[in-house]
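Visitor: Only the shape, not the letters, is given here:
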């Protein structure tokens, strides 16, 4: 099983780094950020299974950040704070936090809560994939794609041939355009028939496909939706012939 990937956001290095080491020793994957700016940069680059967020940061407060996250993301968020008043705990939950832990705390309790949040989130995630039925060809975002030949042709005349993994991934998006596809569904649809495909491998495949679909200005219709999955954000026309 893939390790739970935790984003730990806290400006106190003497707490943040030892805690990240402890999480890794418990079998979790941990990435750290010292402020809101770094947190947002990391979230724009990759997905995380759980966000552990300190309430007091040098460039923002956890309550506002939690509300901002919840407006665009479903990733479980746990708030960390040195304040234990009931009003603060209630405020955090009202802003969309999934859990609340008051400093000081036992690292074992944090690990247990992270695993509980992840199980709860996984239980609400669809796991049944719809197998894509390919058309003869597709037209989308200035691209023309033929699944049989795995060939992409841009409106400017340039062509690109996809590898097997890229082709399976693109077909999944073309059959369900403008739909957020959860990574579990994508893993089911694009994994090779003779072996498993891990989460991080999927992330790399999506990144490569995103670059393949970029136009001359560097814009790509393939987008990451925080905490949910990936989206082909453009109209798709299925064609009867190439």
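Guide: Received it, and whenever you're ready, just let me know what you need. The shown structure was predicted, so the numbers you read here are calculated from the model rather than taken from an experiment.

Visitor: Distance check, residue 219 against residue 142.
Guide: Distance, residue 219 to residue 142, by Cβ to Cβ, to the nearest Å: 10 Å. In this view, the C-beta of every residue, glycine as well, is placed from N, C-alpha and C.

Visitor: Show me which of those two is the more surrounded one.
Guide: For residue 219 versus residue 142, the count of surrounding residues by other Cβ atoms under 10 Å is larger for residue 142: 14 against 9.

Visitor: ok, and residue 122, which helix or strand is that part of?
Guide: Secondary structure assignment for residue 122, by DSSP states H and E: helix 107-123.

Visitor: if you average pLDDT over that helix, what comes out?
Guide: Average pLDDT, helix 107-123: 88.

Visitor: Of all the residues in that helix, which ones are buried?
Guide: Going by neighbour count (16 or more other Cβ atoms under 10 Å), the buried part of helix 107-123 is 110, 111, 113, 114, 115, 117, 118, 121.

Visitor: quick one, domains of the protein?
Guide: 5-123, 137-239 (automatic domain parsing).

Visitor: which stretch in these is the model least sure about?
Guide: domain 137-239 (a mean of 82).

Visitor: Report the distance from that one to the chain centre.
Guide: Relative to the centre of its chain, domain 137-239 is centred 16 Å away, using Cα atoms, centre = their mean, to the nearest Å.

Visitor: Next, the distance between the ends of that domain.
Guide: Using Cα to Cα, to the nearest Å, one end of domain 137-239 lies 5 Å from the other.

Visitor: can you give me phi and psi for the residue nearest in space to the middle of the chain?
Guide: Closest to where the C-alpha atoms of the chain average out (Cα atoms, centre = their mean) is residue 47, at 3.0 Å. Backbone torsions of residue 47, given as degrees, to the nearest 10, read phi -110, psi 160.

Visitor: Next one: it from residue 15, what distance?
Guide: For residue 47 relative to residue 15 (Cβ to Cβ), the value is 24 Å.

Visitor: before we move on, what about residue 118?
Guide: Look at residue 118 and residue 15: by Cβ to Cβ, they are 22 Å apart.

Visitor: the strands in the protein, which residues?
Guide: Along the chain, counting by DSSP state E, strands occupy 5-9, 29-33, 50-54, 56-57, 60-61, 77-81, 99-102, 137-140, 143-146, 151-154, 159-161, 222-225, 229-232, 237-239.
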